[in-house]
Structures are given as C-alpha cells and as structure tokens.
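[1] Could you work out the structure for the sequence below:
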Amino acid sequence: MIHSQLVISFILLYCIACLHAQQCEQTSNAGRFDCHPENNPTQSTCEERKCCWRIPVPLTNETVPYCYFPSDFPTYEVKSKETTDFGQRIRIVKTQTTYMPHDILDLTVDFIYETQQRFRIRIYDSVYRRYEVPLQVPVVEKKVNMTDYEVTFSEKPFAILVIRKSTGIAIFDSSVAPLIFADQYMKLSTRLSSPLVYGLGEHRQALLMNITNEWKQLTFWTRDFPPIENTNLYGVHPFHINLERTLDNLLPLPALTYTTIGGIIDLYIFTGPTVQDVIEQYWDIVGKPTMPPFWSLGFHLSRYGYNTIENLWATVKRMHDADFPYDVQWTDIDVMSNHLDFTYDSERFHGLPDLVRALQSDGKHYVNIIDPGISSTQPAGSYPPYDDGRSQEIFVTKYNSTEPTAGEAWPGAVVFPDFTNPKTVDWWTRTAAAFHERIPFDGMWIDMNEPSNFIDGSHDGCTGNFLDNPPYVPHVLGNKLSSKSLCPSVQHYLSLHYNLHSMYGYFEAQVTSTALKTIRQKRPFVLSRSTFAGSGRYTAHWTGDNRARFQDMYYSIPALLSFNMFGITHVGADICGFGLDTTEELCIRWMQLGAFYPFMRNHNDAGQKDQDPASFPWEAQQIMKQALLMRYSLIPFWYTLHYEASMKSRTIIQPLFFEYLNDGDTYSIDQQFLIGRALLVSPNLVSQLTTIDVYIPRDVWYEFPSGAAVKTVGQFISLNAPLSKINIHVRGGFIIPMQTPGANLILGRGNPFSLLVAPSQFGNASGNLFWDDGDSLDPIGTNIYNYFEFLLSTSNSLTIDPIVVKYKDSPMRLDFVKILGVTKPVTSVTINGKTYSNYVYNLFDQILIIHGLDMNMLVESSQIIQWTTST
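    Predicted structure coming up:
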C-alpha cells in the first residue's frame, strides 16, 4: 500500500525525523519535535519559548534536537464545526500566543473529500485573506460519495487523523506535535506510515531518504548553486511518497514536519493504492508532462566555451566525420555579444545564422541559451529587450515603487522580467521572435532562473522590513533569503517576491512555451534549470552544474527518478560532467548511462577540455557510438513512453520498487532503474571496476541486445561490466518497438521498424507504438497520429493491431521481428495466413528472427504473424 502527500503552499523547509510526542521528563531521543530550528539554540532561548531543554542521552547523534515541544504546549481547540457540500469546515482557536510574532489565534480548517483516493486539507486565517500558490488546481465543490480513507479529528487539542479503511493504518496523524500558525511561521507535523520516504526535491540525495538515523532538514528555496548534499538547489517540489508497512513493523514511528514562512497550509493526501496510482493522482493536480518534439529525444551536444564560430564548426564537422548520430547543437552565453540576451557576437560567431540553417537543412536542430537578467546599462535606444520592457513596465520592481530592481549578472547591471505580468507574454514573444528572424532557433534554454543574482538582493540593498528580515529564516545557503537572488520585498504583478521566489522559473517556462508556440507554430522545446510543482507541463529539465566525477554520475540516477515522480519526465544530467576535466573512462561510462536518460545532452564548462564523443580516441568513440546506436534504435519505444506520460500519467523511468512493491530488496536501489517497466538499466558507476553487483528482480529477464535468457533472478548477482558494455535487460511480458537508426532522427524517420518480443513466464507479451509527425502542437486533438497495439498470445501468434491510422506522411514498414524465449524448434512461419520462409531459429539462445518482412504497418486491419514448433 502507498500513500503520498503534496503540500501546495509556500513551503520552504521540511524537518523529517523519527519522532513521538513526549513529556519533558521523558529522556528518549526518538520523541523530540524541534522547538528551536534556528541555528545555535540555548537553554535560555528554548525555555523562553516554554519548550523543553534536555541534552540527548545517549549523545550519539548530533542531529537530535536539545530543544523540543512539551505535551502541554499551547495549541488550538475546536470552536465550531459544520457539514458542507465539500465535506467539513472546522473553526479552531487558541487563547495563548507562542514564540513567533503575530500568532493567528482564529483559524478555519476545510476537509475536502475530492475523490475516492484524494483528500485535501486547507488551514487558513478565519479573518484575513492570505497568499495562496497560484497554481490552477481542480476545484471540487461536492463531496465524493465513497472514499478509501476515513477522516476524524480530536477537538482539544485539535488534531487530524486520516486512516486507510482497508488496513486501519494511519496515513496522516497530526497529534504528534502542536500546530503553530503565525503570520510568517507555520508548523504542522504528522506521523508517517513507515520510514520509507521518497521525493521532496530538488536536493542531492539518495532515492530513499535516511530518516531513521537522523533528524533530516530539507530546505525549499530555489537557489543557483552546483549540486551538493544538504543544500537548497534549483527547484521546489514538495511531494513525497511513503510506502506503508504492516503494523508490527511500525515501531518506532517516523514523522515529518512542515515549516513554512508564508501563505496557508494546503495539502493533498493521495491513497494510491499503487505507486503509479499516486503519480497519476498527483499529476491530476499539477498537470501532466508536455509531449516533447520528436527531435528532442536524440543526442544533444553543447558546451560553454566554443568561443569562435571556427571551433563550433570544427565540432560539428568531427561529429559528422566520425559518423555519430546526433540531433541538436547548443550554444552557451559565450555566443552572445557582451553576454546580452537575444544577441550573438557577429565577430567571433560571424557565420552563426548560416551554421544554424546548415544544421537544419541536414535534419538537425539548434537551441540557444537565454538568462532572465536583461542588461539595463546599454545606450538608450540600442537594446530593444530593455527599452521595450521599460516602456511596457514588465520588470520586477522595488518595494512600494515603480522602478525596476537592479541586480548583477553576466552582462553587468540587469533587471528581471516579471513573468507573472500578462504583458510580459507579448514582450517576451516579440523579443524572441525578433531574434528568431536572425537566428532561427528551434528551442530555448532558460538558465539562471532561480532567479540567480551575482549580488545579494540588489545594487541598492534590501529594505529593513519584515519581508527582507523575517522572524525565522530557513536553513538556506547564505543564511538569508536574498542570498545571490532578489530581495524578498520586491514586487511582481501577482504578489511579492517573498511569496513567488521559488516559482520564478515556473512562470518563465510557461511564458517561454507560449512564445515558442506563437513563433514556430510547432511543438515547443524548453529546458529550464529552475522548476516548481507542475513545471513539467511546459519544460524539460537538467540537474544543473554537476562535476566530472563518478559520484556525480551516480547522483544523476536518483535525481532523474525523483523528477519523473514530480512530473518532469523529459529530464537528464550533463553527460561526462559540466565542471572539471572529464576522463576517457568516465565519459565512456557516462555516455553509456546517458543513452538511457530521457533527455540526453553532453555539456561542459568553459576552460574544460572538449568532451564531445568525436574528440576521444577511436576505440572510445566506437564504444560511445554503440551506446548512441542503442538509444536511437529504441526511439519508437521512448517516443511512445512520452506519449503515455503526457496522456496517461505514466512515468518514463522509475525505481524498481514501483514494479516490485512486495520485494523489500528493491526499496533502496538507486543505481539501477527501469525504463517504461520493460528495460532494466544497470550501469557501472565505479572507476576501474569490470564487474558490478546488481539486483535482478524475481521475473523473466533477457539480456539486451543478445536476447539470452537470465538464469538467476530474485537476488543480487555479479555481472561482467567491461568498459565496452552497459548491462541492459528486457523484462518478459513486453514487446518493444524499435527502428533502424539514421544519422539523426529526422533523416531516420522513414527507416524500417522492428519488434523485440520478450515473452513472460506464461508465454505472452504486449506492447504499443505511438507515431505522428513529431512536431504538431496537438496531434491527438486533430486526430493526426498512428497508434498500434502488439499482442503475443500463448498460441505462438503475434498480432499487430492498428488502433488509429491517421498519419500517413511518413512510411511505416516493419522489417523484422525478434522473438525471445522460443523453447522449441520452429518448423514454419506464416504472415497473414501465408507461408513465409525468411526466418532463422537459434536453438542455443532460443531466439526466432523473422526478417525481410517489408510489412506495411499503415494498413487499417490487423496483421498476424504465426509460427509452429516441433512437439
């Protein structure tokens, strides 16, 4: 059983701990909820808050709080309650204030029974309206008739209990610690069903969080900083999955505390029951991922520091001469003129428009970078992005002023577009369109949008008011909210930056997506560094400025798995590492792993040596090329997974426990992952090792691409992993559509298809294929697409069933079918009832290959391939 929770409020800090509410006299470390989360607590400051101060005994864990809540800490009690159309409304009050200023003594609590598996809790000021996160979420006005959960509450002190009806397990229980609700400090705690917690991004951490051995604090406040542990990073995703355990496994119970410095408390509980059900229920709230353009599934090549058009051309040429498939060429800020957005250096990159058009004529695409900071120091009338923006008044302004706030970025003094202002959409579109006329880019890379600032706050400093100096500052890098970003007091159209800071990248991605649709009239491609809950509707993401280290390669896996949970499925990491010089061994291993990222881009920093595949020695090139060819052969499979993500709320890659929930060995695995439930990826993440220990779940598995059956399952095994190999396995029960690779995805679109058929233990398998022109804005709405289903029955029969065949501008011909696990010799094959002789059966590997088919898949009737075997 699974449950998860999403807090859609302005959440900045979570404190996760194994906790129980206890009396001051009790000495157990496991029962402490932190009453003094600020740095450097003392006994006197603790006791001023009317909290307990005890030195932990034994003192074995530095994260155990010394200062914790007593059981009689002042909190709320029920004043009134009423039944409403949506569920219940409860008025709660308290008479004593607590240690934070402007305690709100009168609150309203709404219990909203939205669906059978979704319950919403809202806690807010009964008198004054407060900020709420401006996400468009479903509005439910009528209580659902049947639920998987039961909700009760205690009246004095007020506490909420949500249990799963089928098991009686508590999935939310706020009785463990007092509720605090002050103007700029709110705290709500709950027991967890088990210590198995995943999600809560964006942080560099293992997939399964360690909440059994430490009081772990995770800060949510977007920040530009290279990924390191225990630091707030580029994005905010206050969503977690908690695996339930049976009651006899629940001691000691873990817990989670939400601490936020603004807004209201607004959270959802999703009851699943499966993990994929939870994902679907969450995405119903924040939105499904966008369907990316087809070309963006190929290999992307980039670096900061091409420096000249000659170096850029040399890279393109050596990739071509070495016969590497690749689809997208990127450039970084070194292409700009004086680091000005929407410009290029006409001296150092004098032929850039011609290069871009040459790439496009060869089927490739081009993506350029744009930072949010717009230079404010250019001569009047010489820089339209600033001049037009000032005339339209679309920049973020100082507190109680119409003057733009001024920060510092690559071009010097800059101002920041307010992407919540409706007028900014037109300004951004006009500005990007004017640049598109000069450089016909195909997508936009929006970087530095946390938003990043080279100084703290602004050139004028920040105010001394309550916004810039709140009574509680979460554990943010730099120890103040304005650290290397904007002053919290600056103003957006929609609200104060204090409220909107972590959504800056979200709104920029939304506006950029809209602009690209207008400019290109095609499916947009946006890559954003900063993201928020729901950003996947508009953008892809990468994990930021990693380093060329094996450790960073490992951390990419839990990051990508987490972002798939968050609904940003088109996600990757800088392959071979952004910072530091890579090595041949590391880059080979990372290219092998990166070939199985949803978004595959090789990118590195200025001053580092070239790391494009063609820059390496011939032997290394061949290994990297094989990894790329594996990726390109699987593009129909990848594209179908993106379709299922955008239409059916399916993750593209996922942890093993998603599929093997009853197998406890899978819960902490984050060095392997599944693609589309069907492929198991087991990379080598350690330097100089030629064998790896991997877990093969209890199921039917075949080696990829050889097709040999795996003999040992349900345990950890050792696999050969020489530098030339990444271990991939195909799961029984699945049919994977493939295609002969081309030089790039556009040139290869008409190449023949194939099917890889992997029977389950029962001898059956199924699969599907979605196909369209790859660029249309709404192929589903216009019904111009193809959708096929494939079914292997236990009677040695493979059916190709065209469900929708409306896109016929590109040929779709099936060339060969590879069927694994055929245990008996094949004596004959028929195609649509006619005898067919072009097949090969390998008795040793038990593989049947039917080749030379040249089958037209666009016929609007089912086609059947059958074979007989000897008895």
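
[2] count of residues packed around residue 609?
    Using other CB atoms under 10 Å as the criterion, residue 609 is surrounded by 11 other residues. Just so you know, the C-beta spots here come from the backbone N, C-alpha and C atoms, and that holds for glycine as well.

[3] Excluding chain neighbours, give the residue nearest to it in space.
    residue 581 (5.2 Å; CB to CB, 6 or more residues apart in numbering).

[4] cool, residue 755 as well?
    In space, and not counting its chain neighbours, residue 755 is closest to residue 817: 4.7 Å by CB to CB, 6+ apart.

[5] Please identify which helix or strand holds that neighbour.
    Using DSSP states H and E, residue 817 falls within strand 813-819.

[6] helices or strands up against that strand?
    Applying 3 or more CB pairs under 8 Å, 6 or more residues apart in numbering; DSSP states H and E, one finds that strand 813-819 contacts strand 753-758, strand 797-805, strand 847-850, strand 855-856.

[7] One more pass at 7 Å, please.
    strand 753-758, strand 847-850, strand 855-856 (3 or more CB pairs under 7 Å, 6 or more residues apart in numbering; DSSP states H and E).

[8] Could you export those strands as a markdown table, including distance to residue 832, mean neighbour count and mean pLDDT?
    Below are the helices and strands packed on strand 813-819 laid out as a markdown table (distance: least, CB to CB, whole Å; neighbours: other CB atoms under 10 Å; pLDDT from 0 to 100):
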| stretch | distance to residue 832 | mean neighbour count | mean pLDDT |
| --- | --- | --- | --- |
| strand 753-758 | 15 | 24 | 98 |
| strand 847-850 | 13 | 22 | 98 |
| strand 855-856 | 9 | 16 | 98 |
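
[9] tell me the contacts of the nearest residue to residue 752 once chain neighbours are set aside?
    Among residues not flanking residue 752 along the chain, residue 815 sits closest, at 3.4 Å (CB to CB, 6+ apart). By CB atoms under 7 Å, 6 or more residues apart in numbering, the residues touching residue 815 are 752, 753, 754, 853, 854.

[10] Distance to residue 158 added to those residues, as a markdown table?
    Output for those, formatted as a markdown table (distance: CB to CB, whole Å):
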| residue | distance to residue 158 |
| --- | --- |
| 752 | 66 |
| 753 | 61 |
| 754 | 62 |
| 853 | 68 |
| 854 | 71 |
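
[11] Find the pair from these with maximum spatial separation.
    Checked with CB to CB, the contacts of residue 815 reach their widest spread between 754 and 854, with 12.0 Å between them.

[12] Just say helix, strand or coil for residue 561.
    Here residue 561 is recorded as helix under DSSP: H, G, I helix; E, B strand; the rest coil.

[13] Neighbours of the closest residue to it other than its chain neighbours, how many?
    Nearest residue to residue 561 in three dimensions, chain neighbours excluded: residue 655, at 5.3 Å (CB to CB, 6+ apart). When neighbours are counted by other CB under 10 Å, residue 655 registers 27.

[14] ok, now how distant is residue 655 from residue 276?
    Per CB to CB, to the nearest Å, residue 655 is found 12 Å from residue 276.

[15] Surely residue 242 touches residue 192?
    Yes - counting by CB atoms under 7 Å, residue 242 touches residue 192, with 5.2 Å between them.

[16] So which of these two has more stuff around it?
    Higher neighbour count among residue 242 and residue 192: residue 192, with 29 against 24, using other CB under 10 Å.

[17] What about the more buried one? Give its phi and psi, please.
    With angles defined as degrees, to the nearest 10, residue 192 sits at phi -110, psi 160.

[18] about what we covered before: now the element after the strand holding residue 817, going C-ward?
    Heading C-terminal from strand 813-819 (DSSP H and E), you reach strand 826-831.

[19] for that next one, which positions count as buried?
    Neighbour counts over strand 826-831 (16 or more other CB atoms under 10 Å) mark 826, 829, 831 as buried.

[20] Any idea what the second one is bridged to?
    As for beta bridges, residue 829 partners with residue 836, residue 867 under DSSP bridges.

[21] Confirm that residue 744 sits in a helix.
    No - under three-state DSSP, residue 744 falls outside any helix and is assigned coil.

[22] Next up, the contacts around residue 293.
    For residue 293, the contacting residues are 522, 523, 525, 774, 775, by CB under 7 Å, 6+ apart.

[23] just to revisit the earlier point, count residues in the vicinity of the residue nearest to residue 609, would you?
    Look at residue 581: counted by other CB under 10 Å, it has 15 neighbours.

[24] State the helix or strand in which it lies.
    Under the criterion of DSSP H and E, residue 581 resides outside all helices and strands.

[25] so who does it touch?
    Residue 581 makes contact with 548, 608, 609 under the criterion CB under 7 Å, 6+ apart.

[26] Let me have these in CSV, adding pLDDT and secondary structure as columns.
    As requested, the contacts of residue 581 are exported to CSV (pLDDT from 0 to 100; DSSP: H, G, I helix; E, B strand; the rest coil):
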residue, pLDDT, secondary structure
548, 98, coil
608, 98, coil
609, 98, coil
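
[27] okay, the residues you listed in TSV with distance to residue 645 next?
    As requested, the contacts of residue 581 are exported to TSV (distance: CB to CB, whole Å):
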residue	distance to residue 645
548	30
608	33
609	36
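
[28] Count the residues that sit near residue 289.
    Using other CB under 10 Å, residue 289 is surrounded by 29 other residues.

[29] how much space is there between it and residue 660?
    24 Å.

[30] ok, now residue 821?
    For residue 821, the distance to residue 660 (CB to CB) stands at 20 Å.

[31] rewinding a little: right, and the residue nearest to residue 755 touches residue 865 too?
    Yes - using CB under 7 Å, residue 817 is in contact with residue 865, at 6.3 Å.

[32] Overlap in contacts, these two.
    With CB under 7 Å, 6+ apart, residue 817 and residue 865 have common neighbours 798, 850.

[33] Backbone dihedrals for the closest residue to residue 281 other than its chain neighbours, please?
    Among residues not flanking residue 281 along the chain, residue 270 sits closest, at 4.1 Å (CB to CB, 6+ apart). With angles defined as degrees, to the nearest 10, residue 270 sits at phi -110, psi 130.

[34] so where do the helices sit in the stretch 301-450 of the chain?
    In the stretch 301-450 of the chain, the helices defined using DSSP state H, counting those that start in this stretch lie at 309-321, 352-361, 384-392, 422-438.

[35] again, but for the stretch 601-750 of the chain
    Going by DSSP H, counting those that start in this stretch, the stretch 601-750 of the chain shows helices at 618-633, 635-648, 656-659.

[36] To residue 732, which of the ones you listed lies closest?
    Across the helices of the stretch 601-750 of the chain, closest to residue 732 is helix 656-659 (CB to CB), at 12.3 Å.

[37] hang on, the earlier thing: compare the helices of the stretch 601-750 of the chain and report which one is nearest to residue 146.
    helix 635-648 (23.8 Å).

[38] Output the closest one as CSV - backbone C-alpha positions only.
    C-alpha atoms of helix 635-648 as CSV (Å, rounded to 0.1, in the frame of the first residue of the first chain):
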residue,chain,number,x,y,z
ILE,A,635,13.4,5.9,-30.2
PRO,A,636,10.0,4.5,-31.1
PHE,A,637,9.8,3.0,-27.6
TRP,A,638,11.0,6.3,-26.0
TYR,A,639,8.5,8.3,-28.0
THR,A,640,5.6,6.1,-27.0
LEU,A,641,6.6,6.4,-23.4
HIS,A,642,6.5,10.2,-23.7
TYR,A,643,3.0,9.9,-25.2
GLU,A,644,1.9,7.7,-22.3
ALA,A,645,3.4,10.2,-19.8
SER,A,646,1.5,13.2,-21.4
MET,A,647,-1.8,11.4,-21.9
LYS,A,648,-1.9,8.6,-19.3
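
[39] burial count for residue 96?
    Other residues near residue 96 come to 10 when the count uses other CB under 10 Å.

[40] Wait, it touches residue 74, no?
    Yes - with contacts counted by CB under 7 Å, residue 96 reaches residue 74, the gap being 3.9 Å.
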